[in-house]
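# coords below, sequence missing:
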């Protein structure tokens, strides 16, 4: 007849072998013999966790703590349950109690760091990861999460060091490779980034974030065919702003008797950019329904597109496709980018009204936009302080006209150079884009940050200069001052991160030449 200690040892061996039902049976036999043998109750909790019975596991763990309130393993397992439920404050409390009972426990320090990080307590989390690695330099989870935390804190070099050390420790680690690749990508080291993503995919072929980041590099390099294919993986990213619909995704094949829904994704600029594809899609289906952001509906209807707003009741559709999937479905390469412009226009009425409004304005009329939406993750890098436009205002014969809406307008009161402002409502529900388009079509030039205004101007076929950060969005590609998307657009790129003065010195020099030619022509 085995002793209770021998029976508990056997239960543990059965648990480790994955024989959970047998392990549970032995533990219950032990507790029938001695209900206060709390180690068997804790083993029941472990079995319940493994088999997904979390409420039962919690009861067992609380029973253990009633008998042995300082048991570190029990507090740790309760912390794991709270982590599964994303009850981060409770989880942190449990891990802290575990460490009080067992101070030198690297895994508990790591888990406490994860809980603190999830609560936004980044400095505290960093201390726990550092302590875990002091106790055990091979603590891979601490190394990985510390790297992620350093990225959150805007310290990419330190993050990269943690990921490299982790890779040296465990070999290829898909998540670490994706993070390291993203750091290379953000610093412009695209070949190194691509290598990381491909190594990650060798380890985890379905790693959606590796495919997605790889797509951005391929598209930026102009390898559109491969890039569009990889870009489809964005639909598997939980955080990506895209509708998840039940209809099958259209692959571009003719469906002459069926209804196709094309729905907008991402930002207003993306819709203005890729709405050009909907006439091509219309040629291949029986009926086309285009669903876009509400502020764009008046402009797109005016421009001849059949569109519905985000909250409209949609009819039954046979197929659907996100708007930015159309280039891939329709086989776009650099050789066949649909760039026939203009494909947007304002109304005749608004064009005439703004022609009258702007008619008396002397010299070269230059519309400017400097600020994007602060809600956009990359906005701090793409938006430009209005003060940087000052060299343009000094050019003889140039009148700067504000096209800025909402965020950024407040900067007008802080600059000393003149910028003409219109007394117009920018209520987007009432067709602000229609008015913006009409103003742009009555200007000589638009100079803008990488915002929806750049796409609107390009789609209207007006002359537009777009100022880009050193690492711009993929669609502007690399090392070129033109773009196949918009024949009337010129790109002015930063050469160093944050160096807008040099960009605007070059822009001013070019604008001065245009203004001189404009003056000569007017004589």
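Perfect, I can see it now. Note that the structure is predicted; figures quoted are calculated from it, not measured. Numbers count the residues shown, from 1 in each chain.
# Residue 218 contacts residue 227, correct?
Yes - look at residue 218 against residue 227 with CB atoms under 8 Å: they come within range, at 3.7 Å. Glycine gets a C-beta too; all of them are placed from N, C-alpha and C.
# list the buried ones in stretch 348-367?
350, 351, 353, 354, 358, 364, 365, 366, 367 (16 or more other CB atoms under 10 Å).
# from those residues, which single one is nearest residue 439?
Closest approach to residue 439 among the buried residues of stretch 348-367 (CB to CB): residue 354, at 5.2 Å.
# Once you drop chain neighbours, what's closest to the closest one?
Nearest residue to residue 354, sequence neighbours excluded (CB to CB, 6 or more residues apart in numbering): residue 438, at 4.4 Å.
# in which helix or strand would I find that neighbour?
Using DSSP states H and E, residue 438 sits within helix 432-441.
# Flag every buried residue along that helix.
Burial within helix 432-441, assessed by neighbour count using 16+ other CB under 10 Å, is assigned to 432, 433, 434, 435, 436, 437, 438, 439, 440, 441.
# And the contacts of it?
The contact list for helix 432-441, computed with CB atoms under 8 Å, 6 or more residues apart in numbering, reads 295-296, 298-299, 302, 344-347, 350-351, 353-354, 358, 367, 401, 403, 405, 422, 424-426, 446, 453, 456-457, 460, 462.
# filter those to the buried ones?
By neighbour count, with 16+ other CB under 10 Å, the contacts of helix 432-441 hold 295-296, 298-299, 302, 344-347, 350-351, 353-354, 358, 367, 401, 403, 405, 426, 446, 453, 456-457, 460, 462 as buried.
# Which of those fall within helices?
Judged by DSSP state H, the buried ones among the contacts of helix 432-441 include 298, 299, 302, 350, 351, 353, 354, 358, 453, 456, 457, 460 as members of helices.
# Tabulate these (CSV), appending distance to residue 27 and pLDDT.
CSV is the format used below for these (distance: CB to CB, whole Å; pLDDT from 0 to 100):
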residue, distance to residue 27, pLDDT
298, 69, 92
299, 68, 93
302, 73, 81
350, 78, 91
351, 81, 94
353, 82, 92
354, 80, 93
358, 83, 91
453, 67, 96
456, 68, 98
457, 71, 98
460, 74, 97
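# these two touch, right, residue 323 and residue 267?
No - between residue 323 and residue 267 no contact is recorded; they are 11.1 Å apart, counting by CB under 8 Å.
# Comparing those two, which residue is more hemmed in?
Legend: neighbour count by other CB atoms under 10 Å for residue 323 and residue 267, higher for residue 323 (23 against 18).
# how close does that one sit to residue 244?
15 Å (CB to CB, to the nearest Å).
# now, among the buried residues of stretch 348-367, which is nearest to residue 391?
residue 366 (12.3 Å).
# mind listing what the closest one touches?
Per CB under 8 Å, 6+ apart, neighbours of residue 366: 392, 398, 399, 400, 401, 443, 444, 445, 446, 447, 511.
# How about residue 266?
If you count contacts by CB under 8 Å, 6+ apart, residue 266 has them with 241, 242, 324.
# And for the second one, the neighbour number?
The burial count assigned to residue 242 is 17, neighbours taken as other CB under 10 Å.
# Looks like it contacts residue 323 (just checking).
No - look at residue 242 against residue 323 with CB under 8 Å: they stay out of range, at 9.5 Å.
# Doesn't residue 465 belong to a strand?
Yes - checked against DSSP: H, G, I helix; E, B strand; the rest coil, residue 465 lies within a strand.
# quick one on the thing from earlier: and which of the contacts of residue 266 is nearest residue 188?
Minimum distance to residue 188 across the contacts of residue 266 is 23.6 Å, recorded for residue 324 (CB to CB).
# I figured that closest one hits residue 270, correct?
Yes - here residue 324 reaches residue 270: they are 6.0 Å apart, a contact under CB under 8 Å.
# any idea how far residue 230 lies from residue 395?
Remark: distance between residue 230 and residue 395 (CB to CB) = 44 Å.
# Which one of these two is surrounded by more residues?
residue 230 (22 against 19).
# Is my assumption valid that the more buried one occupies a position in a helix?
Yes - judged by three-state DSSP, residue 230 forms part of a helix.
# give me every residue that touches it.
By CB under 8 Å, 6+ apart, the contact set of residue 230 is 211, 212, 214, 215, 218.
# The stretch 251-400 of the chain: strands as residue ranges?
Along the stretch 251-400 of the chain, the segments classed as strands by DSSP state E, counting those that start in this stretch run 255-263, 285-291, 307-308, 319-322, 364-369, 398-402.
# Show me the domain layout of this protein.
As given by automatic domain parsing, the domain ranges for the chain are 42-236, 255-336, 348-522.
# Between the two ends of the longest one, what distance do you get?
To tie it back to what came earlier, the one meant is domain 42-236. From its first residue to its last, domain 42-236 covers 38 Å (CA to CA, to the nearest Å).
# Out of the strands of the stretch 251-400 of the chain, which one sits most buried?
Most buried of the strands of the stretch 251-400 of the chain, by mean neighbour count (mean count of other CB atoms under 10 Å): strand 364-369, with a mean of 24.
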